[in-house]
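K.L.:
Got a predicted model here, sequence first, then my questions.
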Amino acid sequence: MNPAITHSRGDAALSKIADDGRVSRSSRYLNGVCWTLVTNIAGSGFAFLAAILLARILDPTGYGRYRTITYLVGFCAAVAGFELRDAMRRFIPTCKVEGTGGIAAAVLAACAVVGGFSILIAAGLMVFASRIAEGAYKEPSLAGMLRWSGILVTATAAAALMEAALSGLELYKVATTRSLIAQAMALPLQLLLAWRFGVMGAIWGFGILLGSRAALMGFAVAGACSASSWNAVGIRDVIAMARRLMGFSLPLLITALLMPFANWWLSATLARTSGIVEVGIFAVAYALVQLVTTIMLAAGVPLMPVLAEASTSEDPRTLARIVSRGAVTILLLLFIPAFVLGANAHAVILILYGRHYAAAAPVLFQFALACVPLGICESLNRSSIATGHVRLVVGGHLVWLSTIVAAVEFYGRFHGAVGCAQSFLAAELIQSIYLVCIFHLYLRFEMHGIAKMFAICSAAMVPAYFLSSVTTAWSLAAFLATSLAVFSALWHWSLGEADRAIVSGWLNGIGMRLSFPRTRQV
């Protein structure tokens, strides 16, 4: 620290440094949001396009089989990943202070853990493929696909781990570029394989896509550390870091498995009780919502490094402001596309997938409605992890899991895909209420602004859907009118004065850069 700070004007200097730090964190957070948003929109756009074309190529039954395999792969990859993604985002910012050697040790330790679990899972799928296909799905034809799905598990876990390492290093632009290159190269190949070889071709194309993403981002992670830092890492360092990562991630592993487990469990329940076609209907609606929720991660992922750093020095009121503004950003990014999908569910399904999937429209609306509480859960869960309150995340996810299991068992299985979507909505709603109450009562965080946004967004979704599902003209009019009312209410009622100033300043800065792209400060 500069010795001059200790003299007569020390308090003023310290105050200025603190203000600069807050500005720097805000700038870093918004930069992370922008680049992660580009990554998620473009990446999910590729995935969304692939989902539409694959659904048309494979028909509802074939697409149901394909999604059944991918849901199981997602769950197994979550097990293999041991939820080291958030651990990497949590430890890499602290390792940067100590030096790049700690980052290299973290990367090597995470790769060793994920590689070991991936090998075990791949061997289990190879041996027990027939039993899984018959026992879990009542569909023996899936056995041949399941035997080789361990390769997909390894590629999925590796890609997620490398992307997490890049986000922990705040190399969002690099992650964006590498991910888009991989998807642009692999998507046409996947469609060609699906057209030529059916479901098995689509699965192998999916594996090529994931493998290329993992390789390209892995090279970027390796290049982020110097050669000397890699050489300086010993086996003991890797083992010690692996213990730290696994000790942090072990409680989070429960939460990380819940969503992939729910996807696999819902698809297996639908396949057993309603048939593989219902899995296809469920999957096309859920794919649209996944396109929306990836946008939400644009604000959720960069929130973690900022909060992790601030939690070491800032007071609870400052942390509360960061959490609230992050939650507001997530809700705003999430509500707009969810509102468009929910208000035009019938038209979207018919245009994208055709009349064969018309039954997916009510399912899509239920998922779109669930996006509002889902945004609250995402922001508060990641805030809890970044500030070290891991038990709150585990408790919230257990509330979610118990709700969705009970709802599906007593209601969802009798109403097919629609019932499963309604159960998903109920689980997200109850979890969001639980987390808001915990943050407000237990952590003493101010949650009134988030609660207001939740009320506004939820109240706008249902009437807009019923107004806009009649004709195209009503759809456009209802969307514009309701959007204007919602954003007016958000701006004047929910957002605080400081939040409005941040948004206005950010938009003005973007406008200035677009108007004077060649201007440089001298």
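P.N.:
Received it, and whenever you're ready, just let me know what you need. What you see is a predicted model; the values in this text were computed from it and never measured. Numbers count the residues shown, from 1 in each chain.
K.L.:
any residues touching stretch 215-229, and which ones?
P.N.:
99-101, 103-104, 107, 158-159, 162-163, 165-166, 169, 171, 174-175, 178-179, 181-182, 230 (C-beta atoms under 8 Å, 6 or more residues apart in numbering). For glycine as for every other residue, the C-beta is placed from the backbone atoms N, C-alpha and C.
K.L.:
Put the buried members of those into a ChimeraX selection.
P.N.:
Buried subset of these, written as a ChimeraX selection, criterion 16 or more other C-beta atoms under 10 Å:
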select :100,101,103,104,107,158,159,162,163,165,166,169,171,174,175,178,179,182,230
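K.L.:
low-scoring stretches of the stretch 251-400 of the chain, by residue?
P.N.:
Across the stretch 251-400 of the chain, residues meeting the criterion (pLDDT under 70) sit at 295-299.
K.L.:
Show me what the host helix or strand of V394 is packed against.
P.N.:
Following DSSP states H and E, one finds V394 within helix 390-410. Under the contact criterion of 3 or more C-beta pairs under 8 Å, 6 or more residues apart in numbering; DSSP states H and E, helix 390-410 touches helix 235-273, helix 361-386, helix 416-441.
K.L.:
List the ones among the contacts of stretch 215-229 that fall in strands.
P.N.:
Members of these lying in strands (criterion: DSSP state E): none.
K.L.:
Surely G416 and E278 touch.
P.N.:
Yes: G416 lies in contact with E278 (C-beta atoms under 8 Å); the separation is 4.9 Å.
K.L.:
overlap in contacts of these two?
P.N.:
Shared contacts of G416 and E278 (C-beta under 8 Å, 6+ apart): L270.
K.L.:
tell me the domain boundaries of this structure?
P.N.:
23-39+54-250, 274-509 (automatic domain parsing).
K.L.:
I'd like to know which of those domains lies nearest to L266.
P.N.:
Nearest to L266, of all those, is domain 274-509, at 5.0 Å by C-beta to C-beta.
K.L.:
rewinding a little: dump the domains of the chain to TSV, plus distance to N263.
P.N.:
Formatted as TSV, the domains of the chain follow (distance: least, C-beta to C-beta, whole Å):
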stretch	distance to N263
domain 23-39+54-250	5
domain 274-509	8
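K.L.:
Where among those domains is average confidence lowest?
P.N.:
Ranked by mean pLDDT, the domains of the chain end with domain 274-509 in last place, scoring a mean of 80.
K.L.:
what angle separates the helix holding V394 from helix 235-273?
P.N.:
Going by axes from the mean of the first three to the mean of the last three C-alpha atoms, to 10 degrees, helix 390-410 is angled at 20 degrees with respect to helix 235-273.
K.L.:
relative orientation of helix 390-410 and helix 416-441 in degrees?
P.N.:
150 degrees.
K.L.:
now the angle from helix 390-410 to helix 361-386?
P.N.:
160 degrees.
K.L.:
what helix or strand is L303 on?
P.N.:
Using DSSP H and E, the secondary-structure element containing L303 is helix 276-310.
K.L.:
That helix - contacts with which helices or strands?
P.N.:
helix 10-81, helix 84-98, helix 149-168, helix 235-273, helix 316-343, helix 345-353, helix 361-386, helix 416-441.
K.L.:
out of the ones you listed, which comes closest to V306?
P.N.:
Closest to V306 of these, according to C-beta to C-beta: helix 10-81, at 4.8 Å.
K.L.:
Flag every buried residue along the helix holding L303.
P.N.:
By 16+ other C-beta under 10 Å, the buried positions in helix 276-310 come out as 276-310.
K.L.:
now stretch 181-189
P.N.:
182-183, 186-187.
K.L.:
Quick one: residues contacting G388.
P.N.:
Going by C-beta under 8 Å, 6+ apart, G388 touches S311.
K.L.:
before we move on, back to that, what's the most buried one of the helices and strands packed on helix 390-410?
P.N.:
Of all the helices and strands packed on helix 390-410, helix 361-386 carries the top mean neighbour count, a mean of 26, counting by mean count of other C-beta atoms under 10 Å.
K.L.:
No more questions from me, cheers.
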